[in-house]
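S.K.: Need the 3D shape of this:
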Amino acid sequence: MTALGARSRYCGDCGAPVVRGEGDGAVCPECGSVVQTSPELTVAGILTREGPAGPEVLLVRRRPTVRRGAGLYCLPGQRVRRGVDVRAAVKRAFRDLTGLGVEVGDVYEVHSSSDGEDGAAATVSSWFRVASPEGDTEAIPGCDADAAEWFPLDRLPALAYATEAVVLRRLRGHEARGEERRGEADLSARLHLRQQKYRELLDAYTHELMRGAWINELHLKLSKSTAPGDIAALAAEQLAARVEVDAVRIWRPGPPDRCDACPWAERCSRDRCLHLVASVSGEGGADTDVAAIPAALQVSSEEERVPLNPGVPAADVALRGQPVRAELPGAGAQPRRFEGFPLDTGEDVPGVLGLISRVPLDFNARRLFEMVARHMGTLIARATLLEDLRVANQVKLGFIARMSHELKTPLTAILGYSELLREELLAAGHEMGADGAATIEESGRKLLGIVESILEIASLQSGAVRFRPDRIDLAATIARCLEARRKDAEKKGLALDFVVPEGADTTVWADPRRTRQVVEHLLDNALKFTNRGGSVAVRLRPDEEWLTCEVADTGIGIAPEYHKSIFEAFVQVSEKMYLEYGGLGIGLSFAKILVEQQGGRIWVESRPGEGARFTFSLPRHASSHRRGGTDRVDRPAGEE
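M.R.: Numbers count the residues shown, from 1 in each chain. Prediction:
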């Protein structure tokens, strides 16, 4: 290899400097070899690979020593004559020196040098990037190379030619920048992939949040409905608005009340059927024109009543008590799929929520609709129970009202005739008979009072009683009630006390008659259950919005577990107490209804053997009365 970048010629055999002569050649003064001194053209190839510690380059050690005092290693290459195919020369050099077949790429670097005397070019050197197409990088030295080794670009051995050191330094910089660019590209690709994953996770999280918000909103809407039919209709409408759903069917179990018109009559056991209670079909919702709904989504006569026969999708849901998926028959080229979910409404046979869609529901969608079905079942069961209780309560109240009315009619006649009989017996001088007639009249009036109380409490519970609130003095009302019961208290040896803060405003906004009844019932209750020698005290505690009244006694007291139940109609604490004290158990219930209907509240504090303190509060102003929650009031003209 000719020295690259040198200003004079060197012997190719011994490396000694050769002085350039007049001709094209010169004789080496050391060994006598003929040295070509005309301008030379040399070519070399650069083959790199990725090593364990970074990029590596293939170098060969030439023999004999290329140049005195220089290194032994250089790039694989050779001297060529002008006009020779330089790429073919690089291939030959690699094959001869390393045994590798390579493909030669573009020129990487070109250097030229002069001898320093006339400036004429002495050497032109070119380096080409090469690649091994077979991927084989195990070099086997040959020709005049006694070694072919890979060296890291950042730890090169001593090189034979200074220009090659310059070229390889530049290559190391390019490789480092290329590695940096590749690292940046790899980092950018990984960041992009991570961003894509985060974006997908964010989309999924957002989708789940939207689903969660939707189901919470649906649950809130369904919870506001109190009738089972309204819950089913609202749920069907909301579910049909989902993009996954084309139609909704909701069935509830019921008796086969239309067997003569049922298409399954011949195969049905006629024990029970599933009744269609709500349906929404088509993309337009419940108000869509039937003509615009695809035939596959329209409600068929077979869906109106579904027998509990195996093989029918909706019936399978009810019979198994678990979700069922099925493909609906006769849906054409694009089949419709049925997804059924059980509605546990507390009955022996569950209801069914049926969804019809073009594509199968995914796992998350099925889980979502399963949650909706469970919540629907709970709400429908609760609404059904409340509806049954309301019906039963109305029946009870109706029965009590009719019975009381039927009792009141003959009682009125009995009272009239007993009064007439008493007066006639007195006029005839039959005092004993007159006393008997008076007893009949007194008992009749007592029974009539009970009947009228029952009728009135039934009217209050049904909402038929109208209130006429006005501004009244509660202290004056209490004083009159106490005065009317003072004789009864004295007979039992009870002390009556009434405490009113001096100068306090004791007016309230309430119905005068109904308020007096509240005070009477609480006083009667205190006097009844307080033994001889005890006391009953009434206290008023006014504030800006409310006037609170306490009726405290030193009677037998009430256990805490009965503090709520005693305000229910016809409830006694125990059978023993009923036998000892009597009564129907309607006084406290009556008082509670009257107070609450006027916007107030009532409660009790008591323990057995420590007496009882019944407290109620009434609003001082009409605005507080309205906030209390009653609407069944007649307000005087000009009053709010």
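
S.K.: Okay, buried residues for stretch 473-481 please.
M.R.: Buried residues in stretch 473-481, counted by 16 or more other C-beta atoms under 10 Å: 474-475, 477-478, 481. C-beta coordinates here come from the backbone N, C-alpha and C atoms, glycine included.

S.K.: Extract the residue ranges of the stretch 401-550 of the chain that are flagged as low pLDDT.
M.R.: Low-confidence segments of the stretch 401-550 of the chain, defined by pLDDT under 70: 404, 462-464.

S.K.: same thing but at 90, please
M.R.: 401-467, 488, 502-504, 531-533, 543-544 (pLDDT under 90).

S.K.: can you give me the helices for it?
M.R.: 431-462, 474-484, 486-492, 512-528 (DSSP state H, counting those that start in this stretch).

S.K.: so where do the strands sit in the stretch 251-400 of the chain?
M.R.: Here the stretch 251-400 of the chain has its strands, by DSSP state E, counting those that start in this stretch, at 273-281, 305-307, 324-327, 337-343, 351-357.

S.K.: Around I440, how many other residues sit close by?
M.R.: I440: 17 surrounding residues under other C-beta atoms under 10 Å.

S.K.: Setting aside sequence neighbours, what's the nearest residue to it?
M.R.: S418 (4.3 Å; C-beta to C-beta, 6 or more residues apart in numbering).

S.K.: got a list of what that neighbour touches?
M.R.: By C-beta atoms under 8 Å, 6 or more residues apart in numbering, the residues touching S418 are 437-438, 440-441, 444.

S.K.: Check the gap between the residue most central in space within the chain and L218 for me.
M.R.: Centrality entry for the chain: nearest residue to the mean C-alpha point is G212, 2.9 Å, by C-alpha atoms, centre = their mean. Separation of G212 from L218 (C-beta to C-beta, to the nearest Å) stands at 11 Å.

S.K.: Also A93?
M.R.: With distances taken as C-beta to C-beta, A93 is found 80 Å from L218.

S.K.: Of these two, which one has the most company?
M.R.: Neighbours were counted for A93 and for L218 using other C-beta under 10 Å; A93 has more, 26 against 19.

S.K.: So the more buried one: helix, strand or coil?
M.R.: Counting by DSSP: H, G, I helix; E, B strand; the rest coil, the backbone at A93 sits in helix.

S.K.: about what we covered before: could I get the buried residues of stretch 473-481 in TSV, plus columns for distance to G101?
M.R.: Output for the buried residues of stretch 473-481, formatted as TSV (distance: C-beta to C-beta, whole Å):
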residue	distance to G101
L474	116
A475	120
T477	120
I478	120
C481	123
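
S.K.: Pull out the buried residues from stretch 238-254.
M.R.: So, applying 16+ other C-beta under 10 Å, buried residues of stretch 238-254: 238-240, 242, 244-253.

S.K.: from the residues you listed, which is closest to L47?
M.R.: E244 (60.8 Å; C-beta to C-beta).

S.K.: Before we go further, the closest one is sitting in a strand, right?
M.R.: No - E244 is assigned coil when assessed by three-state DSSP, not a strand.

S.K.: Could you give the number of residues near the residue nearest to it when sequence neighbours are not counted?
M.R.: In space, and not counting its chain neighbours, E244 is closest to A365: 5.2 Å by C-beta to C-beta, 6+ apart. Neighbours of A365 under the rule other C-beta under 10 Å: 18.

S.K.: rewinding a little: what's the most buried one of the helices of the stretch 401-550 of the chain?
M.R.: helix 512-528 (a mean of 21; mean count of other C-beta atoms under 10 Å).

S.K.: Dump the C-alpha coordinates for that helix into CSV.
M.R.: Presented in CSV, the C-alpha positions along helix 512-528 are these (Å, rounded to 0.1, in the frame of the first residue of the first chain):
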residue,chain,number,x,y,z
PRO,A,512,-106.9,26.5,66.1
ARG,A,513,-109.1,23.5,66.3
ARG,A,514,-106.4,20.9,65.3
THR,A,515,-103.9,22.5,67.6
ARG,A,516,-106.2,22.2,70.5
GLN,A,517,-106.8,18.5,69.7
VAL,A,518,-103.0,18.0,69.8
VAL,A,519,-102.7,19.5,73.3
GLU,A,520,-105.8,17.6,74.5
HIS,A,521,-104.4,14.2,73.4
LEU,A,522,-101.0,14.8,75.0
LEU,A,523,-102.6,16.0,78.3
ASP,A,524,-105.0,13.0,78.3
ASN,A,525,-102.1,10.7,77.7
ALA,A,526,-100.0,12.2,80.5
LEU,A,527,-102.9,12.1,83.0
LYS,A,528,-103.8,8.6,82.0
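
S.K.: Please tell me how far the strand or helix carrying A204 is from the chain's geometric centre.
M.R.: In this assignment (DSSP states H and E), A204 forms part of helix 162-224. In this view, helix 162-224 has its centroid 28 Å away from the chain centroid, taken as C-alpha atoms, centre = their mean, to the nearest Å.

S.K.: could you say what helices and strands it packs with?
M.R.: Here helix 162-224 touches strand 40-46, strand 54-62, strand 103-114, strand 121-131, helix 228-240, helix 363-428, going by 3 or more C-beta pairs under 8 Å, 6 or more residues apart in numbering; DSSP states H and E.

S.K.: go with 6 Å
M.R.: helix 363-428 (3 or more C-beta pairs under 6 Å, 6 or more residues apart in numbering; DSSP states H and E).

S.K.: A148 sits in which helix or strand?
M.R.: Assessed by DSSP H and E, A148 sits inside strand 145-152.

S.K.: quick revisit: taking strand 40-46 as reference, get the angle to the helix holding A204.
M.R.: Angle of helix 162-224 versus strand 40-46, following axes from the mean of the first three to the mean of the last three C-alpha atoms, to 10 degrees, is 30 degrees.

S.K.: start the count at 438, not 1, going forward
M.R.: Shifting the count to begin at 438 puts that one at helix 599-661.

S.K.: could you give the angle of helix 599-661 to helix 800-865?
M.R.: 20 degrees.

S.K.: wait, isn't E764 in contact with P772?
M.R.: Yes - E764 is in contact with P772 according to C-beta atoms under 6 Å; the separation is 5.3 Å.

S.K.: Read off the pLDDT value for K658.
M.R.: pLDDT, K658: 86.

S.K.: Identify the residue spatially nearest to it, adjacent ones excluded.
M.R.: L671 (6.1 Å).

S.K.: check contacts around G1048.
M.R.: By C-beta atoms under 6 Å, 6 or more residues apart in numbering, the contact list for G1048 reads 990-992, 994.

S.K.: Quick check: M813 vs L790, distance?
M.R.: From M813 over to L790 the distance is 7 Å, taken as C-beta to C-beta.
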